[in-house]
Each structure stands twice: as C-alpha cells, then as structure tokens.
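Asks: model this:
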Amino acid sequence: MSGVLAIVLPVAILIGGAFIIYVLARLFNLNNRVEAILTVVVLAIALMALVNNYHQIEELATNPDAVFGDFSPGGIVLIPSALGIFIMIISIIVSIMITIYSGEYLMRDSRYLNYYPLILLTQAGLMGMFLSNNLFNLLLLTELSTVAASSLIAFRFNQHIAIRAGFKYLIMNSLGTMMMLLGIYFLYRSTGDVHLFHILSAPDNLTRIAAGCFLLGFSLKAGVFPLHTWVPDVYGHAPSAIGGLLAGVFSKSMLFILPVICLRLGMTYEELGTYLMVFACFNMLVGSVRMLGQNLLRRFLSFSSIAQTGYLMFGLGIGFYYNLDEAFSAGLFLFMVIAIMKCLGFLASGIYQFYFRTQDITQLQGVGHRMPLVALCFSVALAGLAGIPLLAGFTGKWIIFSVALMTGDLFAIICLAIFLLTTLISLGGYLPLLVRQYQKPNEGEQVDTDRQYPERVSGWLVAPIVILAMLVILIGVFPGPWVSLIDYVVGWMVI
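Replies: Residues are numbered from 1 along each chain as shown. Down below sits the predicted model:
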C-alpha cells in the first residue's frame with residue numbers, strides 16, 4: 001500500500017458519512033431536517049477536501065508517487081485527475097443544493113432515513129470512478145452508484161410508476177455495466193492486466209473490441225441515441241431532486257470518463273470525435289423535437305436533457321476530432337452550466353408539484369401570480385436552457401459555436417447547422433412554457449384552490465433555486481473567471 005491519503009479522503013468522507021448518518025438516524029430517530037443538515041455538513045467537508053486537492057493539482061499531477069493503492073494483481077489504485085476533481089466539485093455543489101431542498105421536499109415521506117445516505121453513496125461511487133485506474137474496481141464503483149441511484153429513483157415505493165422507473169434505470173444501466181465487464185474480459189485476454197495507467201503502445205483487435213464495449217456501456221449510461229429511451233421514463237418519475245442530480249450531473253459525467261478509457265485501449269482521437277459528433281446530432285434532434293409534444297413537466301425536462309447531452313457531445317467531439325483544447329474548455333464550461341440549469345429546472349418543477357400536486361403543464365397556467373419567486377427562478381432555468389443572451393446557457397452555446405467555426409471544416413459546419421437548428425426548435429418548447437406561467441388561467445385550467453397552499457413557500461425549497469438562478473445569471477454576465485478556471489483544469493488534463 002502506498003500513496004497520498006488526500007487522494008482517497010473525499011471518497012472516505014462520503015462513505016463514512018453515509019454510514020454514520022444512517023446509524024445516527026436509526027439510533028436517535030432523527031427528523032428529516034436534522035438528517036438533511038448532517039448530510040450537508042458531510043458534503044461540505046468532502047467539498048473542502050476536493051478543493052484542497054484542486055489547489056495541489058500541480059504537485060499531484062507531476063509527482064509519480066501521488067498514487068493511493070496497491071499495485072499487486074487485484075489491487076485498488078486511485079490516481080487523481082484535474083478533470084475528475086473539477087467535475088466532482090460541481091457534483092458536490094449540486095448535491096448540497098438538492099439536500100437543502102430535500103429538507104422540506106421529503107417532509108411528507110416517511111422513508112427519509114435511507115434517502116440521504118444513498119445520496120452520499122451515489123456521489124462516492126461517481127468520485128471513485130474518476131479516481132480508479134483499475135477497470136474492475138471502476139466496474140464495482142459504477143455498480144455502487146447505479147444501485148444507490150436506482151434506489152433513490154424508486155424512493156417513493158408506494159407509487160407503482162416510481163418502482164417501474166427505478167427498475168428500468170437499474171436494468172438499463174446494468175446492461176451497460178455488463179458491456180463494460182465484457183470489455184474487461186477482452187482486455188485481460190490481450191494484456192493479462194486490468195490496470196490502465198497509460199495509452200497502450202500496441203493495441204490489438206482484442207483491446208479495440210474492449211474499447212468498443214466500454215464505448216457502448218458508457219453511452220447507454222449517458223443516454224446517447226439510440227440508447228436514450230430510458231431517460232424520460234426514469235427522470236420523469238424520479239423525485240425532482242434526484243432527477244436534477246441525474247440529468248444535470250450523473251449522466252453527463254459519463255461522457256468524460258468514456259474518452260479516458262477508450263483512448264487508452266486503442267481508439268483513435270478521430271474515431272472517438274467522429275462518434276461523438278455524429279451521434280450528438282441525433283441526440284440534439286430527438287431531444288429538441290420530442291420535448292415539444294410533452295404535457296408533463298418533468299418529462300419535458302427529460303427530453304430537454306437528451307438534447308443537452310447532444311450539445312455536450314458536440315463540443316467534446318470537436319475537441320477530439322480536431323485536437324482543440326478550446327473545445328475541451330467549451331465542453332467543460334457547458335457541463336458546468338447544464339448541471340446548474342438542469343438542477344434548477346427540476347427543483348423548481350418539484351416545488352410546483354409539491355404544492356399543486358400536478359405535473360400537467362396545462363394546469364400550471366398562471367402559477368407565476370401565486371409563486372412569483374419560484375416562477376422567476378424557473379424562468380431563468382428555461383431561458384438559460386433556451387440560450388437567451390446574458391444567461392449561462394447562451395454563453396455555453398456561444399463558446400461551442402465559436403469553436404466549431406474555428407475549425408473551418410465542412411464536417412463541423414454541418415454539425416453546427418444541426419446545432420443551431422435544434423436550438424431554434426427548442427425555443428418552441430421553452431418560451432411557451434415560460435410565458436404560460438404568467439398568463440391568466442383560463443376557465444377549467446386553474447389550479448385547484450381547494451388544495452392546501454401556504455402563505456409563503458418554504459425557505460428550504462426557495463433558497464437552493466435562488467442560489468442556482470443567481471449562478472446562471474452570474475456566469476452568463478461574467479464568464480471570464482469561470483473560463484479561466486476551466487482553462488487551468490484543461491491544462492492539467494491527461495487523457
């Protein structure tokens with residue numbers, strides 16, 4: 001056993017925190033809000049450990065001894081990366097927001113004791129995936145996140161549709177894991193090892209098949225066309241907070257783990273770039289077109305997420321196909337703003353459902369007059385996702401647009417045309433929904449006034465969406481510092 005303890009410390013904090021919170025909740029019968037506060041504390045400590053690793057990234061990236069684990073066969077080896085640290089910082093921040101939100105959102109649920117430890121375990125699994133350089137251990141960590149996330153999706157087990165969504169997520173993601181296990185088999189047959197420290201010097205047919213297996217497995221987990229069909233059924237029926245976490249962070253992060261493995265197993269940069277750019281076009285088209293006909297709010301946001309995955313794939317594809325660092329920066333910037341905007345959209349939609357007990361878009365006409373602050377924050381999310389200027393979504397799309405033009409290549413220009421077309425199509429979904437919130441309700445479309453409605457929306461629900469909405473505006477108006485931060489991360493990326 002060797003290495004730097006700081007590398008594994010964030011994962012240990014999350015796993016240890018999950019165990020401690022569960023035990024305390026069982027022993028002392030903690031109420032929902034107390035457990036939420038404890039979870040925020042654990043997430044904040046893990047965030048501080050990650051930020052400490054970020055400040056040491058130069059030392060960790062250049063020091064060959066900055067490794068935690070056992071190099072013997074079957075050993076666990078964790079190696080830090082600037083990319084993984086950045087993505088996990090974003091993921092932890094989003095998790096803090098949804099945990100605060102859940103302090104009120106779960107007040108009507110009796111099984112909250114299991115909810116918060118599962119969030120911590122989901123984050124621990126994702127963090128371990130970015131750190132692991134042993135593919136079998138990566139597989140186990142993937143399953144940890146998958147099982148924990150599927151339990152969160154099916155959290156409201158008394159609802160048949162929630163159980164179905166949880167099982168669908170578990171089955172579909174397990175299929176992806178099985179493809180990855182098949183890839184490990186081919187890699188081991190070729191090299192006799194499952195550690196992955198460097199790009200293979202002489203990849204053969206078996207290692208390239210292994211790369212294809214991992215490509216397929218991670219594409220399924222990310223919801224890449226045509227493996228996207230599970231996304232609306234899962235995100236649309238999961239609790240709003242969990243839908244925001246999965247759609248904004250978890251599925252998108254798979255697109256950053258995928259290249260690290262596939263390129264080291266023999267896939268070329270051009271092959272990976274071509275794959276990402278071609279299937280990005282399908283994701284953008286399917287997501288933007290299908291979202292137009294949705295009457296359920298979270299299902300609408302789920303199809304929007306498919307399109308957002310396409311936008312992210314397009315940016316990363318340009319980076320790999322044309323070997324442009326600017327495109328990697330654009331992809332990371334877009335990941336950050338999608339995580340914030342998508343989480344904001346799901347949380348705001350959850351507030352509507354919490355008080356009005358409906359996801360039907362037609363029944364939300366005029367809600368802006370009853371919940372002006374919530375409607376304003378939801379409008380910021382919709383406008384940001386639509387790419388309205390001065391918001392973070394516009395800045396992210398503009399950077400992608402600029403990078404695509406920079407290439408001057410016909411392939412990139414064709415994909416860019418589809419990018420712009422789907423952006424215009426999606427406006428036909430975002431803008432009417434945004435306006436509907438402020439229209440006077442028509443007869444027969446009013447929200448049922450007999451339902452309990454408080455004089456003031458709970459601060460536990462409002463605080464996270466206000467913070468996220470302010471970030472969407474702040475990043476859109478002042479993108480410079482964020483772009484500089486991401487450029488620094490890209491400078492230390494090793495793929």
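Asks: Run through this protein and note the low-pLDDT ranges.
Replies: Scanning the chain with the threshold set as pLDDT under 70 gives 1-3, 60-66, 69-75, 197-201, 441-455, 492-495.
Asks: can you map out the strands along it?
Replies: Along the chain, the stretches classed as strands by DSSP state E are 68-69, 77-78.
Asks: Make a markdown table out of these and add mean neighbour count and distance to F28.
Replies: Glycine gets a C-beta too; all of them are placed from N, C-alpha and C. Conversion of the strands of the chain to a markdown table gives the following (neighbours: other Cβ atoms under 10 Å; distance: least, Cβ to Cβ, whole Å):
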| stretch | mean neighbour count | distance to F28 |
| --- | --- | --- |
| strand 68-69 | 20 | 34 |
| strand 77-78 | 20 | 34 |
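Asks: I'd like to know which of the ones you listed lies nearest to I171.
Replies: With Cβ to Cβ, the closest approach to I171 among the strands of the chain belongs to strand 77-78: 29.2 Å.
Asks: could you say what helices and strands the closest one packs with?
Replies: In terms of contacts (3 or more Cβ pairs under 8 Å, 6 or more residues apart in numbering; DSSP states H and E), strand 77-78 is packed against helix 5-28, strand 68-69.
Asks: And stretch 393-413, what's buried?
Replies: Taking 16 or more other Cβ atoms under 10 Å as the basis for neighbour counts, the residues of stretch 393-413 that come out buried are 393-397, 399-401, 403-404, 407, 411-412.
Asks: Repeat that for stretch 182-198.
Replies: Buried residues in stretch 182-198, defined by neighbour count with 16+ other Cβ under 10 Å: L182, G183, I184, F186, L187, S190, T191, V194, H195, L196.
Asks: out of those residues, which one sits closest to A46?
Replies: Within those, proximity to A46 (Cβ to Cβ) peaks at L196, which comes in at 25.2 Å.
Asks: Relative to G331, which of the helices and strands packed on strand 77-78 is closest?
Replies: Across the helices and strands packed on strand 77-78 (criterion: Cβ to Cβ), the nearest stretch is helix 5-28, sitting at 23.3 Å.
Asks: Contact partners for L276?
Replies: Contacts were defined as Cβ atoms under 8 Å, 6 or more residues apart in numbering; by that measure L276 touches L255, M313, F314, L316, G317, F320, Y321.
Asks: ok, now L255?
Replies: Taking Cβ under 8 Å, 6+ apart as the criterion, L255 is in contact with F218, A222, L276, T309, L312, M313, L316.
Asks: how about 10 Å then?
Replies: Each residue near L255 by Cβ atoms under 10 Å, 6 or more residues apart in numbering is listed here: 218-219, 221-224, 276, 309, 312-313, 315-317, 331, 335.
Asks: And L170, how far from L376?
Replies: Relative to L376, L170 is positioned 37 Å away (criterion: Cβ to Cβ, to the nearest Å).
Asks: Looking at those two, which is more packed in?
Replies: When L170 and L376 are compared for neighbours, L170 comes out ahead with 19 against 16, by other Cβ atoms under 10 Å.
Asks: Near the closest residue to the more buried one other than its chain neighbours, how many other residues are there?
Replies: The spatial neighbour of L170 that comes closest, neighbours along the chain excluded (Cβ to Cβ, 6 or more residues apart in numbering), is S150 at 3.9 Å. By the measure other Cβ under 10 Å, the count of residues near S150 is 24.
Asks: For S150, give its distance to I7.
Replies: Distance, S150 to I7, using Cβ to Cβ: 28 Å.
Asks: thinking again about what came up before, just the buried ones out of the contacts of L276, please.
Replies: Neighbour counting with 16+ other Cβ under 10 Å marks L255, M313, F314, L316, G317, F320, Y321 as buried within these.
Asks: can you tell me which residues contact the third one?
Replies: Read that as F314. Contacts here follow Cβ under 10 Å, 6+ apart; on that basis F314 touches 276-281, 283-284, 327, 330-331, 334, 400, 403-404, 412, 415-416, 418-419, 422.
Asks: again with the second one
Replies: If you count contacts by Cβ under 10 Å, 6+ apart, M313 has them with 219, 222, 224-225, 252, 255, 258, 275-284, 331, 415.
Asks: can you do 6 Å?
Replies: The neighbourhood of M313, defined by Cβ atoms under 6 Å, 6 or more residues apart in numbering, consists of L276, A280.
Asks: I'd like to know how far it sits from V278.
Replies: Using Cβ to Cβ, M313 is found at 9 Å from V278.
Asks: can you check the third one too?
Replies: When Cβ to Cβ is the yardstick, F314 and V278 sit 10 Å from each other.
Asks: give me the number of residues near the spatially closest residue to T122 that is not a sequence neighbour?
Replies: If you skip the residues right next to it in sequence, T122 has A148 as its closest partner in space, 4.3 Å away by Cβ to Cβ, 6+ apart. Close neighbours of A148, defined as other Cβ under 10 Å, add up to 21.
Asks: next one: F136
Replies: Here the count is done by other Cβ under 10 Å, and F136 has 17 residues near it.
Asks: Surely it and H195 touch.
Replies: No. Taking contact to mean Cβ atoms under 6 Å, the distance of 9.4 Å between F136 and H195 leaves them out of contact.
Asks: For Q439, give me phi and psi.
Replies: According to degrees, to the nearest 10, the main-chain angles of Q439 amount to phi -80, psi 150.
Asks: can you count the residues close to it?
Replies: The number of residues packed near Q439 is 15, by other Cβ under 10 Å.
Asks: For it, give me its contacts.
Replies: Q365, G366 are the contacts of Q439 under Cβ under 6 Å, 6+ apart.
Asks: What are the boundaries of the helices in the stretch 151-300 of the chain?
Replies: With DSSP state H, counting those that start in this stretch as the definition, the stretch 151-300 of the chain shows helices at residue ranges 160-191, 205-222, 230-235, 240-245, 251-264, 269-290, 297-322.
Asks: Give me the contacts around the third one.
Replies: What that stands for is helix 230-235. Helix 230-235 is contacted from outside by A165, K168, Y169, M172, G223, G243, A247, R299, S302, F303, I306, using Cβ under 6 Å, 6+ apart.
Asks: try 7 Å this time
Replies: Taking Cβ atoms under 7 Å, 6 or more residues apart in numbering as the criterion, the residues outside helix 230-235 that touch it are 153, 165, 168-169, 172, 223, 243, 246-247, 298-299, 302-303, 305-306.
Asks: for the second one, same thing?
Replies: Outside helix 205-222, the residues that touch it by Cβ under 7 Å, 6+ apart are 172-173, 175-177, 179-180, 182-183, 186-187, 189-190, 200, 227, 251, 254-255, 257-258, 261-262, 265-267, 309.
Asks: Now the buried members of those.
Replies: Buried residues within the contacts of helix 205-222, defined by neighbour count using 16+ other Cβ under 10 Å: 172-173, 175-177, 179-180, 182-183, 186-187, 190, 200, 227, 251, 254-255, 257-258, 261-262, 265-267, 309.
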